Each structure stands twice: as structure tokens, then as C-alpha cells.
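Participant: predicted model follows, preceded by the sequence.
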Amino acid sequence: MKRHFMICVNNRDYEASLEIRKIYEVLHDKTAERHHQIRVIDESGEDYLYPEKYFAPVRLPSITKEKLELTAA
């Protein structure tokens, strides 16, 4: 499965878990999406649900995606 990444644009109430302007790996979760949330691997290294409005899509060059996928593996 391809990895998906988004950038954090807001961390209100989650300052210890999320860093603004940092790119995070997002895991597919249909149930979360129905509740306007996304599942993100945060600073703890675990995946948690966060409001989807706290993140923005980011387009990365293929080489950057490949490197991120290697480091996340």
C-alpha cells in the first residue's frame, strides 16, 4: 500500500503530539473520515485520530516520497 503524507497546519490542544509545518504519515481509515478526522502517526510514533482540518495535502516529488517511505519502514 502506498503511503500518504500531509502537513500539519494547526496543533491547538495537541501541542505535545503535533508540530506545525511538519509532514506526517496518514493511515487510511474510512470510519475516521466519516467523522472528519484522519489517523496520523504522530510524535509518539503511534497512530491517533486528529481533526482533518488540522492538516493540508502536500505534493511531494517522487524521490522525496520514496525516501520518506524508506525511513518510515
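Facilitator: Thanks, I have it.

Participant: hang on, Val40 in a strand?
Facilitator: Yes. Membership of Val40 in a strand is supported by DSSP: H, G, I helix; E, B strand; the rest coil.

Participant: neighbours of the nearest residue to it once chain neighbours are set aside, just the number please.
Facilitator: The shortest distance from Val40 to any non-neighbouring residue, by Cβ to Cβ, 6 or more residues apart in numbering, is to Tyr24 (4.8 Å). C-beta coordinates here come from the backbone N, C-alpha and C atoms, glycine included. Residues within reach of Tyr24, counting by other Cβ atoms under 10 Å, total 21.

Participant: beta partners of Tyr24?
Facilitator: The partner list for Tyr24 in beta bridges (DSSP bridges) reads Met6.

Participant: which pLDDT value goes with it?
Facilitator: pLDDT for Tyr24: 94.

Participant: let the chain start at 895 from now.
Facilitator: Shifting the count to begin at 895 puts that one at Tyr918.
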